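> Fold the following.
(chains A, B, C and D)
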Number of protein chains: 2
Amino acid sequence: MAGPTNTQFSVAVHVLTYLAGMPHDAVSSDQLAGSTGTNAVYVRRVLGRLRDAGVVVSRPGPGGGWQLEHAPAEITLGDVWRVVQEGSTIFGLHAVEPACPVGASIAATLTELDTRLTQSVEAELDRTTVADVMPVGALPEARAAAARA
Amino acid sequence: MAGPTNTQFSVAVHVLTYLAGMPHDAVSSDQLAGSTGTNAVYVRRVLGRLRDAGVVVSRPGPGGGWQLEHAPAEITLGDVWRVVQEGSTIFGLHAVEPACPVGASIAATLTELDTRLTQSVEAELDRTTVADVMPVGALPEARAAAARA
DNA sequence: TAATTCGTAGTCGACATGATGACGATTAAA
DNA sequence: TTTAATCGTCATCATGTCGACTACGAATTA
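Numbers count the residues shown, from 1 in each chain, chains lettered A, B, ... in the order given. You can find the predicted model right below:
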């Protein structure tokens, strides 16, 4: 039983970490796609939502690209999760007939349970920031900048 | 962004709750499929794993079917989750090149994070049992039997 | 004006999920 | 012993999602 095939969260964290390592330059979608082993359109789709959420900014034209809007230590993985996985649930719910008492009871319980699980997951993710994911030792200047902010 | 389409956990909980309501009779896959709005083969696949885990028993032949192996109050949803979602992860991981320091750091962090999230989710699920999902007021005899065991 | 980059729509293949049909093995009951 | 019900499992199919890819327009800078 394979896990989820949705890699948007994983790619988002990768890209944000990359941007955290280049605090002074805008990075193009093509460059980020190369770094993550995906493609530019996909990167733009993921980053587009993060831009709408105020996590990154984008600039078109030559020398344009993407940059973090905030310091890496101020972006939690919970923030990223909420943006990227918006509206998704931890487990799926099969269709139930409203007439079935068992089905109705289960639907209510599982829905409430999923809410609790989501909160639990987000709380755990909020304990880690983008700065925590940056490679130790590499890019000392970037780490210093992250710490300063 | 749709959630997971995997309904096995949801169907498993539904079926177990149904069985908890019929403590004296074996229930056929066909009947359970009708109750869950799925089909018999699918029910057998899900219940087959739960039987291997010692949660339910099956008997072939006329009058055969499925029954709970333990009292509903002794089966936590965490037990069901561990059986049904075995090997799955909370979030997907995109492929990373081992040569990339950012990628390696991220892979390690996310893998460890996923372990923590899984534990967190299972702990939350362990707080609810099949008996807790049974409809209140309905099937008083079954609830009494669940309480006795 | 030319070049670069984002924004977005559309299409495509790969893959997972469930539904369905088929058929043999097992078991209870007539 | 025969019959019917049921599980066990395989194969196949339809559907939906995900992500790659192409294409083209808009925005911006040099």
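> Touching, A:R59 and A:V27? I think so.
No: between A:R59 and A:V27 there is no contact under CB atoms under 8 Å: 10.8 Å. For the C-beta atoms, the positions are set from N, CA and C on the backbone; glycine is no exception.
> Of the two, which one has the most company?
The residue with more neighbours, out of A:R59 and A:V27, is A:V27; 18 against 11, by other CB atoms under 10 Å in any protein chain shown.
> Can you pull the phi/psi pair for the nearest residue to the more buried one once chain neighbours are set aside?
Distances taken as CB to CB, 6 or more residues apart in numbering or on different chains put A:G65 closest to A:V27, at 4.7 Å, once the chain neighbours are dropped. Dihedral angles of A:G65 (phi, psi; degrees, to the nearest 10) stand at phi 140, psi -150.
> Next up, the contacts around A:G65.
A:G65 sits next to A:D25, A:A26, A:V27, A:S28, A:S29, A:Q31, A:S58, A:R59 when contact means CB atoms under 8 Å, 6 or more residues apart in numbering or on different chains.
> what bridges to it?
Following DSSP bridges, A:G65 is listed with bridge partners A:R59.
> elements contacting the helix or strand containing A:V15?
Element membership for A:V15, per DSSP states H and E: helix A:8-21. Contacts defined by 3 or more CB pairs under 8 Å, 6 or more residues apart in numbering or on different chains; DSSP states H and E place helix A:8-21 against helix A:29-36, helix A:40-52, strand A:65-68, helix A:77-84, helix A:130-133, helix A:140-148, helix B:101-125.
> Overlap of the contact sets of A:R59 and A:V27?
Residues within reach of A:R59 and of A:V27 at once, by CB under 8 Å, 6+ apart, are A:G65, A:Q67.
> Okay, the residue nearest to A:V27 and chain B: tell me how far apart.
Separation of A:G65 from chain B (CB to the nearest CB, to the nearest Å) stands at 17 Å.
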